[in-house]
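**Student:** generate coordinates for the sequence data below:
(chains A and B)
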2 protein chains.
Amino acid sequence: MRSASRDPLDAVSLTLPAAACPGQSVDDIDTPSLVLDLDAFEANLDRMQAAADAAGIQLRPHAKAHKCPDISLAQIARGAVGVCCQKVSEALPFVAAGVMDIHISNEVALNAANPAKADLLAQLARHARLSVCVDDVAQIDALAAACERADSRLDVFVEIDVGQGRCGVPDGPAALGLAQRIAGFERLHMRGLQAYHGGIQHLRDWNERRDAAAKAAARTAAVVAALRAAGVECEVVTGGGSGSVEFDLQSGVYTEIQPGSYVFMDADYASNAYTGTMRFSHGLFIASTVMSVAAGDRVIVDAGLKSMAVDSGLPWVWDAEVGAPSRALDYVAANDEHGIVKPSGPAAVPASSPLPTLGSRVMLVPGHCDPTLNLYDEVVCVRAGVVEAVWPISARGFSR
Amino acid sequence: MRSASRDPLDAVSLTLPAAACPGQSVDDIDTPSLVLDLDAFEANLDRMQAAADAAGIQLRPHAKAHKCPDISLAQIARGAVGVCCQKVSEALPFVAAGVMDIHISNEVALNAANPAKADLLAQLARHARLSVCVDDVAQIDALAAACERADSRLDVFVEIDVGQGRCGVPDGPAALGLAQRIAGFERLHMRGLQAYHGGIQHLRDWNERRDAAAKAAARTAAVVAALRAAGVECEVVTGGGSGSVEFDLQSGVYTEIQPGSYVFMDADYASNAYTGTMRFSHGLFIASTVMSVAAGDRVIVDAGLKSMAVDSGLPWVWDAEVGAPSRALDYVAANDEHGIVKPSGPAAVPASSPLPTLGSRVMLVPGHCDPTLNLYDEVVCVRAGVVEAVWPISARGFSR
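**Tutor:** Numbering: from 1, shown residues only, chains lettered A, B, ... in the order given. Just a heads-up that it's a prediction; the model follows:
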């Protein structure tokens, strides 16, 4: 029945077709694909820039949330002073795309036998203004040596721990010791402090989050004062995230905020309570397709663990007609390449609406945007249901 | 202090340096990186092939675990009949690498307006022997139409649900209906049944897992018998995973097994109880570097959510000297680009050994190998602590 010979392999037939082309309907995008609603996205960008402008605080959005230079350029066009990256390699595609001011909001991991990271950072600093965090003298010495090799200069932020229990020195005296060490190197410039508390971003209760942000800001203010008393001025105090930014803008301590996720509003951040002006809109979706209806009481979609990060919970099913999370369907389990979608509510209650049919489209709101973007090479940008552009996620996988 | 002009951007300075080069020490690999211990890996391949050979069952390892053609070719060189892929696009780099027999162990998601998936599958079938699962007549009709357009032929497996509650038809009559539909298309060939139960792979207790596997095998045998009674022979009955394979090989039902994770042995699979011969060795690690020691009672490594999947739990710290998971250190929390490593045991007990120093190497065993490999573009292969090769993970991100 089957002929033994095969066609020769050739390049043409072995290329993966594009997931989407401008002009296509969102319903025709090949799945699973990452989809950005441009209207919601642009409104989110405008809203955050307006809040920063009103407070007289600089906005330096975090690029680790999206890894996409097109998004950073849209933020900078609205007034952002530059971007944050979380790893040195992550900064590379942004420098290549023309982002001229990048803060690595993290310490550089040192390896005595392989100074690749510090060297790359020092080389990037020949092309753009680069800054980085430190919390140990060994990092300062290694950065200075790398700048010497590259003939470049770096801005340096002392990171302080304001309650996260992760990186950063604990207090004024420790910060002062690092500031003095930085001052000893001509190629390094002590720019200020980084004070970021990731844990408080996700406190659901508004009052609880406000109080935690106030506590972190007070710890930061104490270190700023201790440095000032010792003759060290902080030009910039940077920190804050999408969950705390409404408090950070009013803190009187931060001169710069670093929110990232606000551009998308993932399910985890959407579970926080916000005041009206600082609630952002869902702009990021995973387009999936119903691939099996054989089970009868559930449907199986083609987006699973390889199409979304589940560290902050499973995705929400999106009800496009209502423009809100579905009240009829829940995504209840993720396998590598499968997602199980069931009617909401206890199994004893009959489903209020019929299940999606085989081949139909199910849009999902991911639980955590940052590691979800990191799974895709491109994001399909749509407006009013039509594909407008496809943006490369150029720093996808750049975690070194 | 800073000159206003910058070097022009140029291609040379904007390339990410390789994570590792053959001949380097494992300690010098840039991090985070995925590391494969070739001795453990090859022993795992030999062990599974020997078990399949001894049982007279065909081994078709699952490529979704690794997405790396070099690994599949090493399996085929030892006797594997081909590979499984989980998505059509995933098969593409394997066909390109010369893998000539690929089973898509999944249904193809249909989209009436965009038949890209079925068309790609039918086109791939011009270059290699391809098979795919179905659990609905609409899939059969769409596959036949795509084969007509591509002038190619496909093998088709009816998937049956043996307890997973995901894809697959429930019983003999439903399977027979699909088999008869397949028989109506000259370009499709009914090859047999797929019966896979993912849930039972991770049952920790050996007896419980054995009983669950026996139940799934019995359900499969009943469908095989029902088809035979209706005159439909199953050439191939395919299924089984790394957790159930020691039972599936002896079931008398499966003619082919599909294990994937055995090549690496992630922390989740290692938490199962096995008989001696079917326990595989840890071969896959994430090389991380201590990037901060400022907190004092913990260290921060540079591998977080973007360097590992945590859906099946956090990674284990590996004690390379003992060749086993560390009894002194635990990886206790993952952020996007940070991991927090603490001494094991209650905080009241003083740490039995000093914490790793700034810049030192920490090797991690990922919780779930499949989505972890899907984060990396390459895997660094080492033997006795020296880098021997760097293999591309060519199907990384190919989830369509």
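
**Student:** what about chain A, any weak spots by pLDDT?
**Tutor:** Flagging of chain A using pLDDT under 70 yields the residue ranges A:1-5, A:8-14, A:347-353.

**Student:** please name the bridge partners of residue A:102.
**Tutor:** For residue A:102, the beta-bridge partners are residue A:83, residue A:130 (DSSP bridges).

**Student:** which residues does the longest helix seen in chain A contact?
**Tutor:** Taking DSSP state H as the criterion, chain A has its longest helix at helix A:206-229. For helix A:206-229, contacts defined as Cβ atoms under 8 Å, 6 or more residues apart in numbering or on different chains pick out A:160, A:162-163, A:171-173, A:175-176, A:179, A:193, A:195, A:197, A:200-201, A:203, A:233-234, A:237, A:239, A:243-244, A:247-248, A:251-254, A:272-275. (Glycine included, C-beta is placed from N, CA and C.)

**Student:** just the ones of the residues you listed in helices?
**Tutor:** Counting by DSSP H, the contacts of helix A:206-229 contribute A:172, A:173, A:175, A:176, A:179, A:247, A:248 to helices.

**Student:** got a list of what the second one touches?
**Tutor:** For residue A:173, the contact set (Cβ under 8 Å, 6+ apart) comprises residue A:226.

**Student:** if I look at it, how far off is residue B:254?
**Tutor:** 67 Å (Cβ to Cβ, to the nearest Å).

**Student:** also the first one?
**Tutor:** When Cβ to Cβ is applied, the distance between residue A:172 and residue B:254 equals 67 Å.

**Student:** just residue A:215 next, same as before
**Tutor:** In terms of Cβ to Cβ, residue A:215 sits 59 Å off from residue B:254.

**Student:** quick one, which of those two is more surrounded?
**Tutor:** Using other Cβ atoms under 10 Å in any protein chain shown as the criterion, residue A:215 and residue B:254 rank with residue B:254 on top: 28 against 14.

**Student:** what is the burial count for residue A:21?
**Tutor:** Counted with other Cβ under 10 Å, residue A:21 comes out at 12.

**Student:** one more: residue A:357?
**Tutor:** Around residue A:357 there are 10 residues (other Cβ under 10 Å).

**Student:** ok, residue A:74 next?
**Tutor:** For residue A:74, using other Cβ under 10 Å, the count is 18.

**Student:** quick check: it touching residue A:46?
**Tutor:** No. Between residue A:74 and residue A:46 there is no contact under Cβ atoms under 8 Å: 10.2 Å.

**Student:** does residue A:47 touch residue A:276 like I think?
**Tutor:** No. Contact between residue A:47 and residue A:276 fails when scored by Cβ under 8 Å: they sit 10.9 Å apart.

**Student:** what about those two, which has more around it?
**Tutor:** residue A:47 (16 against 5).

**Student:** whether stretch A:268-276 contacts chain B - can you check?
**Tutor:** No. Judged by Cβ under 8 Å from any Cβ of the partner chain, stretch A:268-276 and chain B are separated, with a smallest distance of 12.3 Å.

**Student:** straight-line length of that stretch, end to end?
**Tutor:** With Cα to Cα, to the nearest Å applied, stretch A:268-276 spans 17 Å between its terminal residues.

**Student:** what are the contacting residues of that stretch?
**Tutor:** So stretch A:268-276 is contacted by A:201-206, A:209, A:242-243, A:246, A:261-262, A:280, A:282, A:312-313, A:365, A:367-368 (Cβ under 8 Å, 6+ apart).

**Student:** let's see that with 10 Å instead.
**Tutor:** A:201-210, A:241-244, A:246, A:259, A:261-262, A:264, A:278-282, A:311-313, A:316, A:325, A:365-369 (Cβ atoms under 10 Å, 6 or more residues apart in numbering or on different chains).

**Student:** drop anything exposed from the residues you listed.
**Tutor:** A:201-203, A:209-210, A:241-244, A:246, A:259, A:261-262, A:264, A:278, A:280-282, A:311-312, A:316, A:325, A:365-369 (16 or more other Cβ atoms under 10 Å in any protein chain shown).

**Student:** and the residue nearest the centre of chain A, what does it touch?
**Tutor:** Centrality entry for chain A: nearest residue to the mean C-alpha point is residue A:65, 1.0 Å, by Cα atoms, centre = their mean. Residue A:65 makes contact with A:71, A:84, A:86, A:241-242, A:259-264, A:266, A:284, A:368-374, B:336 under the criterion Cβ under 10 Å, 6+ apart.

**Student:** go on, residue A:182?
**Tutor:** A:134, A:137, A:140, A:143-144, A:154-158, A:188-191, A:232.

**Student:** over to residue A:36?
**Tutor:** A:66, A:68, A:70-71, A:263-264, A:283-285, A:373, A:379-383, A:388-391.

**Student:** kindly recompute the last result at 6 Å.
**Tutor:** A:283, A:284, A:379, A:381 (Cβ atoms under 6 Å, 6 or more residues apart in numbering or on different chains).

**Student:** report the beta-bridge partners for it.
**Tutor:** residue A:284, residue A:381.

**Student:** for residue B:28, see how far away it is.
**Tutor:** Noted for residue A:36: a distance of 39 Å to residue B:28, by Cβ to Cβ.

**Student:** quick check, residue A:188 in contact with residue A:156.
**Tutor:** Yes. Between residue A:188 and residue A:156 there is a contact under Cβ atoms under 6 Å: 5.1 Å.

**Student:** so where do the helices sit in chain A?
**Tutor:** A:38-55, A:69-77, A:88-96, A:116-124, A:137-150, A:172-183, A:206-229, A:245-248, A:267-270, A:369-373.

**Student:** which one of the ones you listed is the most hemmed in?
**Tutor:** Comparing the helices of chain A by mean neighbour count (mean count of other Cβ atoms under 10 Å in any protein chain shown), helix A:369-373 ranks first with a mean of 26.

**Student:** now that one: how far from the chain's centre is it?
**Tutor:** A distance of 7 Å separates the centroid of the chain from that of helix A:369-373, by Cα atoms, centre = their mean, to the nearest Å.

**Student:** now swap in stretch A:259-272 and tell me
**Tutor:** On Cα atoms, centre = their mean, the centre of stretch A:259-272 falls 9 Å from the chain's centre.

**Student:** what's the closest non-adjacent residue to residue A:58?
**Tutor:** Of all residues not flanking residue A:58 in the chain, residue A:256 sits nearest, at 4.3 Å (Cβ to Cβ, 6 or more residues apart in numbering or on different chains).

**Student:** chain neighbours aside, what residue packs nearest to the residue nearest to the centre of chain A?
**Tutor:** residue A:260 (3.2 Å).

**Student:** check residue A:236 too.
**Tutor:** Nearest one to residue A:236, counting by Cβ to Cβ, 6+ apart, is residue A:192 at 3.8 Å.

**Student:** contacts only, for the one you found.
**Tutor:** A:157, A:234, A:235, A:236, A:237.

**Student:** close to chain B: what parts of the stretch 151-300 of chain A are there?
**Tutor:** A:153, A:166, A:167, A:168, A:169, A:289, A:291, A:292, A:294, A:295, A:300 (Cβ under 6 Å from any Cβ of the partner chain).

**Student:** quickly note the distance from the nearest residue to the third one once chain neighbours are set aside to residue A:258.
**Tutor:** Counting by Cβ to Cβ, 6+ apart, residue A:167 lies nearest to residue B:292, which is 4.1 Å off, once chain neighbours are set aside. Remark: distance between residue B:292 and residue A:258 (Cβ to Cβ) = 18 Å.

**Student:** OK, contacts around residue A:331?
**Tutor:** Taking Cβ under 6 Å, 6+ apart, one finds A:314, A:315, A:317, A:339, A:341 in contact with residue A:331.
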